[in-house]
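Colleague: Give me a 3D structure for the following:
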Amino acid sequence: METNQSIKANIMAIIILTVVSALWHPTVARAQSLKQIRESFMTNTLMQDKLNMNERTKTPLNLNKLEIKPINSELTKDVDSLKIEIDVEELRQIKLARKRALELEKQKEEERRQAEAKLKADEAAKQVTAKSGTSITYDELVAKLNRSLNSTLSGQGASFAKYSVELGIDPYLAVAIVLHETGCKWNCSTLLKQCNNVGGMKGSPGCNGGSYKSFSSLDEGIRAFMNNLYKNYYAQGLTTPETIGPKYAASTTWPSKIRTYMNEIEAN
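Modeller: So this is what the prediction gives:
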């Protein structure tokens, strides 16, 4: 019995020794190391593949957004500033085009307005001049008045024509009174030259401290004279030299002198 047990014990010892020796044998250890390396490599590879797959899933490749850069970096150094300059120039051109379009539109509107105003002025001029026995256009009236105005009033026919048409006053009568009162058929009076008073009107501020009124501009003086003629004479039915004379001047020859001037202006 003991012999059998001893034999069994020896066999077990041999088996254990063999196993231990096998475990620590260099070849076996090397095989295990290779196996571990292989498993580690496989594991790492699988993990990297998985990571790559995740990255591809999160950010899929988009060919439409590929950026192609030039080889020379100098070409791209000022791209942003170049784009800004191009945009600014484009906006400037757009603004200029819009400005030109607006200016052209305003010009056409002004031409249309002037054409309408001229038609109205021509019609009014014909009505005004018809009272004196003639019927002419506005431009013809201006030219006729200018031919009778000299010295300081040279070229002021348009102002007299304008206010005559607006107020319905006989332009020949108005200019005739001015020529008689100021001497502007030849050389205008000091009152007109220094204080723009075309009709011998009194009031303040006084011209050089006197009783005759001073005006800041020639057109203002003409307008004031025409308004006075309308308000104090025409509006009261006094529309001829004969009816205006007794109120306007003390001289009894005043109406005939004005009538002479009127005939000369109309014939000029």
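Colleague: can you map out the helices along this structure?
Modeller: 2-24, 26-58, 79-130, 138-146, 157-167, 171-182, 190-195, 218-232, 241-248, 254-267 (DSSP state H).
Colleague: Packing partners of the last one?
Modeller: Taking 3 or more C-beta pairs under 8 Å, 6 or more residues apart in numbering; DSSP states H and E as the contact definition, the neighbouring helices and strands of helix 254-267 are helix 138-146, helix 171-182, helix 241-248. In this view, the C-beta of every residue, glycine as well, is placed from N, C-alpha and C.
Colleague: Could you pull up the mean pLDDT of it?
Modeller: The average pLDDT within helix 254-267 is 93.
Colleague: ok, back up a step: to Gly221, which of the helices and strands packed on helix 254-267 lies closest?
Modeller: Between Gly221 and the helices and strands packed on helix 254-267, the shortest gap by C-beta to C-beta is with helix 171-182, which sits at 9.9 Å.
Colleague: now the angle between helix 138-146 and that closest one, please.
Modeller: 20 degrees (axes from the mean of the first three to the mean of the last three C-alpha atoms, to 10 degrees).
Colleague: which residues are in contact with helix 171-182?
Modeller: Helix 171-182 has contacts (C-beta atoms under 8 Å, 6 or more residues apart in numbering) with 128-129, 132, 141, 145, 148-149, 153, 160-161, 163-165, 184-185, 188-189, 191-192, 198-200, 225-226, 229, 239-241, 244, 248, 254, 257-259, 261-262, 265-266.
Colleague: Give the buried subset of those residues as a ChimeraX selection command.
Modeller: In ChimeraX, a selection of the buried entries from these looks like this (16 or more other C-beta atoms under 10 Å):
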select :128,129,141,145,148,149,153,160,161,163,164,165,184,185,188,189,191,192,198,199,200,225,226,229,239,240,241,244,248,254,257,258,259,261,262,265,266
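Colleague: By mean pLDDT, which helix or strand of the protein comes out lowest?
Modeller: For the chain, using mean pLDDT, DSSP states H and E, the weakest element among its helices and strands is helix 26-58, scoring a mean of 50.
Colleague: Might you report the residue contacts of the nearest residue to Cys195 once chain neighbours are set aside?
Modeller: What sits nearest to Cys195 in space, not counting adjacent residues and going by C-beta to C-beta, 6 or more residues apart in numbering, is Cys207, at 3.5 Å. Counting by C-beta under 8 Å, 6+ apart, Cys207 touches 191, 194-195, 197, 213-214.
Colleague: Give me the buried subset of the residues you listed.
Modeller: 191, 195, 197, 213-214.
Colleague: Make a markdown table out of the residues you listed and add distance to Lys99.
Modeller: Formatted as a markdown table, the buried ones among the contacts of Cys207 follow (distance: C-beta to C-beta, whole Å):
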| residue | distance to Lys99 |
| --- | --- |
| Leu191 | 48 |
| Cys195 | 44 |
| Asn197 | 45 |
| Lys213 | 45 |
| Ser214 | 43 |
